[in-house]
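fold the following.
(2 chains)
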Amino acid sequence: NAGVTQTPKFQVLKTGQSMTLQCAQDMNHNSMYWYRQDPGMGLRLIYYSASEGTTDKGEVPNGYNVSRLNKREFSLRLESAAPSQTSVYFCASSERGSGTAFFGQGTRLTVV
Amino acid sequence: DQQVKQNSPSLSVQEGRISILNCDYTNSMFDYFLWYKKYPAEGPTFLISISSIKDKNEDGRFTVFLNKSAKHLSLHIVPSQPGDSAVYFCAASPLSNSGYALNFGKGTSLLVTP
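Presented below is the predicted three-dimensional model:
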């Protein structure tokens, strides 16, 4: 039972570089989310996708783009990385209407 | 503006005693509440939830209490065990929202000492 799988687990980027964080879930969930966790800040929503084909901004969307590639996959792209984007990124999924989200293991990103 | 607040960044409890973690929320539209547990270098894992039609939900050693009038919920762990040492996040959701995205508090780090 893989659940929610994120790749990569660790990444170091230079300022200005771009990269895509990948997320896939095998629970047939409709909704998927990207959160970032910073020390003392809890988990903040970046973008979410309520269902395949839709995406919406969360609390902290600036500097990010997302793609809901299909029902299983939801990617997060940093077009021009900045040191302020150094964080741990979590992908999550939930069944629409259930309220309970299941999280991946996280991607620790450092921008230097 | 933080809509879910956990005002205690840390809590230390002796093994066998009760741990009480508190959470307050400001948004009246929230009607589903959850607690997540997080170990270092792992993703948050779902622990227990409660909907606004209830005031208590129990699962083994874990009980969540909801006081809607005070916009307050708490997680009780009895008895506490060293393996419970983790960061606990309170989360809330307005199920009527199309995305059902969870709003999280900043977390409380629980340390259970032997």
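
output the lowest mean pLDDT helix or strand found in chain B.
strand B:103-104 (a mean of 92; mean pLDDT, DSSP states H and E).

at which residues are the strands of the chain located?
No chain specified, so I'll use chain A. A:4-7, A:10-13, A:19-25, A:31-38, A:42-49, A:56-57, A:64-68, A:74-78, A:87-94, A:102-103, A:107-111 (DSSP state E).

meant chain B actually
Going by DSSP E, chain B shows strands at B:4-5, B:10-14, B:19-25, B:32-38, B:45-51, B:56-59, B:62-67, B:72-77, B:86-93, B:103-104, B:108-113.

let me see the contact set for B:S52.
B:F30, B:D31, B:Y32, B:F33, B:L66, B:K68 (Cβ atoms under 8 Å, 6 or more residues apart in numbering or on different chains). Every C-beta, even on glycine, is put in place using the N, C-alpha and C of the backbone.

can you count the residues close to the fourth one?
Going back to what we said before, that points to B:F33. Other residues within reach of B:F33, judged by other Cβ atoms under 10 Å in any protein chain shown, total 26.

go ahead and confirm it touches B:I50.
Yes - between B:F33 and B:I50 there is a contact under Cβ atoms under 8 Å: 5.2 Å.

what's the overlap in contacts for the two?
Shared contacts of B:F33 and B:I50 (Cβ under 8 Å, 6+ apart): B:V64, B:L66, B:L73.

for residue 8, which residues are in contact?
All of this refers to chain A. Contacts of A:P8 by Cβ under 8 Å, 6+ apart are A:L21, A:T107.

please go with chain B instead
Here B:S8 is in contact with B:L21, B:N22, B:T108 (Cβ under 8 Å, 6+ apart).

distance of it from B:S74?
11 Å (Cβ to Cβ, to the nearest Å).

try B:L21
7 Å.

same question, A:E95
A:E95 is 27 Å from B:S74, by Cβ to Cβ.

buried residues in stretch A:73-90?
In terms of neighbour count (16 or more other Cβ atoms under 10 Å in any protein chain shown), stretch A:73-90 has its buried residues at A:E73, A:F74, A:S75, A:L76, A:L78, A:A81, A:Q85, A:T86, A:S87, A:V88, A:Y89, A:F90.

who does the closest residue to B:A101 other than its chain neighbours bridge with?
Nearest-residue entry for B:A101: A:Y48, 4.9 Å, with adjacent residues in sequence omitted and distances by Cβ to Cβ, 6 or more residues apart in numbering or on different chains. Beta-bridge partners for A:Y48, by DSSP bridges, are A:Y33, A:D56.

my guess is A:Y48 contacts B:S93. True?
No - counting by Cβ under 8 Å, B:S93 is not a contact partner of A:Y48; they are 11.5 Å apart.
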